[in-house]
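Undergrad: All I have is the shape, not the residue letters:
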């Protein structure tokens, strides 16, 4: 069928609109990329001379290194705990009826709507009232609460698409519930568990607002260290950090996309 | 053999976490009802003073700012996010689809700090936009984006866009395309098909996206703090300031509590809206 001229206009305006929107999405990252190579400590466009010195500064600045170590620790421990608790909860949520099920679900999902600053403030007050120290475990607790709903949702979706016949077959052949769980259920759920855990780790690594309320000098995470840097210095070191950050995340996403297809992980197929 | 194996083992960690969440919520409620003792971090006796203090103009202003930020951010995010989600779901070439998907979703996995800092470089007085416009001779004096509502909204739209695109794309991808084909085969043009079939069917998705945009914007802290620079004071920045500059945690708690109730009220309102719409539609 031949397209009417009007359809051509429609196609082209769609393409232009899409390009403009994608340009808006990428603009800050392109600009920060250029700014990170600006030799001068003062921002100017286009940069008058170029250098790599801000990248060197990133690796020399102690707070970033400490922040990175803390963030990796917190994201690793937090995502693991959230995965254990979240997968277990998704399982009972999907399979069983029990008392207070909807209350429990409501409370655990509430961090999706409760602002992060409220969660941070709440745990800060709670730990002060219980005279607990502001240790790294307090930060981990905050992160587990914030990422748990995402883990539960991810594993729950996998359980909904789950073929229970394999479990029934194993059971009828005499396998114990533990054996069914270990040899059938868990292996089949692996993609959901991996993507849930990865999602949790990335979210935890990025979390800033709630962390700001509960960290101290010793336990500050990378995003908090970055925030403190902007408040103290105006040089492009943070631009260099941002470029490294964006590159890392893009590579991880590309790998996830190749392995699992992002459309599927995010349920937008 | 138990008919519900592992129930206790699997549920107990999450029950523990649920108690933690409930306890921290109660801690906020309890602090909001206690007096502030200047110079001390321990709260004083029971009082309702914190809530009467919230009637002061500065807090009312912060609520107004929060509402305006949420409103404008939701509108612009939707206007930009809908075409993007549409293109993502409907793009014919798989590589174009992947490109749109990766470009629009990568920001979702970058923290608020990276994104806000990048916008500071774009929007600052010596930033990218002002430098470019000056060199093109379009302006003489810098446009003011930093410390203004406009600047904060631009960065918040960028911050909220990825999650809104995810929600809209999920809604659009679940629309039965046969309905669109039916409209086209009956002679409707592409615009007419979109306006009378696709758009109405995606309304529940749009409302869900608005709810999420609202919750994200209301919860955002780094963006209004860094780009607003104290000139655009919203609830999150004020809670932090009251807590960590004046160490008045009881007042910070009451402000958070009112903010939370406000959030829940708006979300409940949007939720009822969806239910009514779904009743209207021929689902």
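TA: Perfect, I can see it now. Predicted model, so just to flag it, every value in this text is computed and none were measured.

Undergrad: going forward, measure contacts and count neighbours with C-alpha atoms only.
TA: Will do.

Undergrad: Helix, strand, or coil at residue A:219?
TA: coil (DSSP: H, G, I helix; E, B strand; the rest coil).

Undergrad: Report the spatially nearest residue to it, omitting neighbours in sequence.
TA: Nearest non-adjacent residue to residue A:219, counting by Cα to Cα, 6 or more residues apart in numbering or on different chains: residue A:136, 5.7 Å away.

Undergrad: got it, and residue A:77?
TA: The shortest distance from residue A:77 to any non-neighbouring residue, by Cα to Cα, 6+ apart, is to residue A:140 (7.2 Å).

Undergrad: In the one helix or strand that neighbour maps to, which residues are buried?
TA: For residue A:140, the enclosing helix or strand under DSSP states H and E is helix A:136-160. By neighbour count on 16 or more other Cα atoms under 10 Å in any protein chain shown, the buried set for helix A:136-160 is A:136, A:138-156, A:158-159.

Undergrad: Check which element follows that helix along the chain.
TA: By DSSP H and E, the next helix or strand past helix A:136-160 is helix A:165-172.

Undergrad: Quickly check: that following helix near chain B or not.
TA: No - if you take Cα under 8 Å from any Cα of the partner chain as the test, helix A:165-172 misses chain B, and the best it gets is 12.2 Å.

Undergrad: what's the helix or strand following that helix packed up against?
TA: Note on helix A:165-172: by DSSP H and E, the next helix or strand toward the C-terminus is helix A:177-180. Applying 3 or more Cα pairs under 8 Å, 6 or more residues apart in numbering or on different chains; DSSP states H and E, one finds that helix A:177-180 contacts helix A:165-172.

Undergrad: what does the helix it packs on rub up against?
TA: A:177, A:180, A:184, A:185 (Cα atoms under 8 Å, 6 or more residues apart in numbering or on different chains).

Undergrad: Would you mind giving the residues you listed as CSV with neighbour count and distance to residue B:142 added?
TA: Below are the contacts of helix A:165-172 laid out as CSV (neighbours: other Cα atoms under 10 Å in any protein chain shown; distance: Cα to Cα, whole Å):
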residue, neighbour count, distance to residue B:142
A:177, 17, 69
A:180, 18, 67
A:184, 16, 64
A:185, 18, 61
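
Undergrad: what mean pLDDT does the longest helix seen in chain B have?
TA: Ranked by residue count and defined by DSSP state H, the top helix of chain B is helix B:57-90. In this model, helix B:57-90 carries a mean pLDDT of 93.

Undergrad: hmm, that helix in reach of chain A?
TA: Yes - judged by Cα under 8 Å from any Cα, helix B:57-90 comes into contact with chain A at B:80, B:83, B:84, B:87, B:89.

Undergrad: Surely the second one touches residue A:18?
TA: Pointing back at residue B:83 there. Yes - Residue B:83 lies in contact with residue A:18 (Cα atoms under 8 Å); the separation is 7.2 Å.

Undergrad: give me the element the residue nearest to the spatial centre of chain B is part of.
TA: Centroid-nearest residue in chain B, with Cα atoms, centre = their mean: residue B:216, separated by 2.1 Å. Assigned by DSSP H and E, residue B:216 falls within helix B:203-219.

Undergrad: Show me the helices in the stretch 101-250 of chain B, by range?
TA: Taking DSSP state H, counting those that start in this stretch as the criterion, the stretch 101-250 of chain B contains helices spanning B:112-123, B:128-135, B:149-173, B:177-185, B:190-193, B:199-201, B:203-219, B:222-228, B:235-244, B:249-280.

Undergrad: can you list these in JSON lines and add mean pLDDT and distance to chain A?
TA: Putting the helices of the stretch 101-250 of chain B into JSON lines (pLDDT from 0 to 100; distance: least, Cα to the nearest Cα, whole Å) gives the following:
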{"stretch": "helix B:112-123", "mean pLDDT": "92", "distance to chain A": "5"}
{"stretch": "helix B:128-135", "mean pLDDT": "89", "distance to chain A": "6"}
{"stretch": "helix B:149-173", "mean pLDDT": "93", "distance to chain A": "4"}
{"stretch": "helix B:177-185", "mean pLDDT": "87", "distance to chain A": "13"}
{"stretch": "helix B:190-193", "mean pLDDT": "86", "distance to chain A": "8"}
{"stretch": "helix B:199-201", "mean pLDDT": "88", "distance to chain A": "16"}
{"stretch": "helix B:203-219", "mean pLDDT": "91", "distance to chain A": "4"}
{"stretch": "helix B:222-228", "mean pLDDT": "94", "distance to chain A": "7"}
{"stretch": "helix B:235-244", "mean pLDDT": "93", "distance to chain A": "7"}
{"stretch": "helix B:249-280", "mean pLDDT": "87", "distance to chain A": "6"}
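
Undergrad: Report the contact partners of residue B:118.
TA: A:28, A:29, A:31, A:32, A:239, A:242.

Undergrad: In strands, which of those residues appear?
TA: Using DSSP state E, no member of these sits in strands.

Undergrad: And the buried ones among these, selectable in ChimeraX?
TA: Per 16+ other Cα under 10 Å, the buried members of the contacts of residue B:118 correspond to this ChimeraX selection:
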select /A:28,29,31,32,239,242
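
Undergrad: which of the contacts of residue B:118 come close to chain B?
TA: A:28, A:29, A:31, A:32, A:239, A:242.

Undergrad: pLDDT for the residues you listed - can I get that in a markdown table?
TA: Below are the ones next to chain B among the contacts of residue B:118 laid out as a markdown table (pLDDT from 0 to 100):
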| residue | pLDDT |
| --- | --- |
| A:28 | 93 |
| A:29 | 92 |
| A:31 | 92 |
| A:32 | 91 |
| A:239 | 92 |
| A:242 | 92 |
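
Undergrad: Make TSV out of those and add distance to residue B:25.
TA: Below are those laid out as TSV (distance: Cα to Cα, whole Å):
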residue	distance to residue B:25
A:28	37
A:29	37
A:31	41
A:32	39
A:239	37
A:242	34
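
Undergrad: Which ones among these map onto helices?
TA: Among those, the subset assigned to helices under DSSP H consists of A:28, A:29, A:31, A:32, A:239, A:242.
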